[in-house]
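> sequence and predicted structure are below.
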Amino acid sequence: HVQLVESGGGSVQAGGSLRLSCAGSGYIDRRYCMAWFRQAPGKQTEGVASMDSNGRTTYADSVKGRFTVSKDNAKNTLYLRMNSLKPEDTAVYYCAARSPICSSDYSTFPYWGRGTQVTVS
């Protein structure tokens, strides 16, 4: 049984920071690509950041230099550190996983968490 559980969302003022966590269980392990996506009201799902099984990371242009993705393999947990938050970062943030390589196409990810709300005012 695969499960991804996000936590760490909340409401912050512009310029603030948050750290999201995604705990994976079941089949999810270091061989998987894990990624963060987000969806703002009325907008399409957008890839935010990802880390593949070799530790390579990718970021959306809109978050480069502000967000950092990391992973604790021992805890099977993916993190997203978000600094210098902007109102346009407001969205529901989802953790997703796929094996074995990453993809920018969210529809190719079979495993998803329920999401955590981030609101920047």
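Everything's here; your move.

> how many other residues sit next to residue 41?
7 (other C-beta atoms under 10 Å). From N, CA and C alone the C-beta is placed, and that goes for glycine too.

> in three-state terms, label it for me.
Assigned by DSSP: H, G, I helix; E, B strand; the rest coil, the conformation of residue 41 is coil.

> quick one: it and residue 51, what's the gap?
27 Å (C-beta to C-beta, to the nearest Å).

> same check, this time on residue 93
Residue 93 is 15 Å from residue 51, by C-beta to C-beta.

> equivalent analysis for residue 105, please.
17 Å.

> looking at those two, which one has more neighbours?
Neighbour comparison, residue 105 and residue 51: the larger count goes to residue 51, with 21 against 10 (by other C-beta under 10 Å).

> ok, the more buried one - contacts?
33, 34, 35, 57, 69, 70, 71, 78, 102 (C-beta atoms under 8 Å, 6 or more residues apart in numbering).

> out of these, which are buried?
Buried subset of the contacts of residue 51 (neighbour count, 16 or more other C-beta atoms under 10 Å): 33, 34, 35, 69, 71, 78, 102.

> in the chain, which segments are predicted with low confidence?
Under the criterion pLDDT under 70, no range of the chain is flagged.
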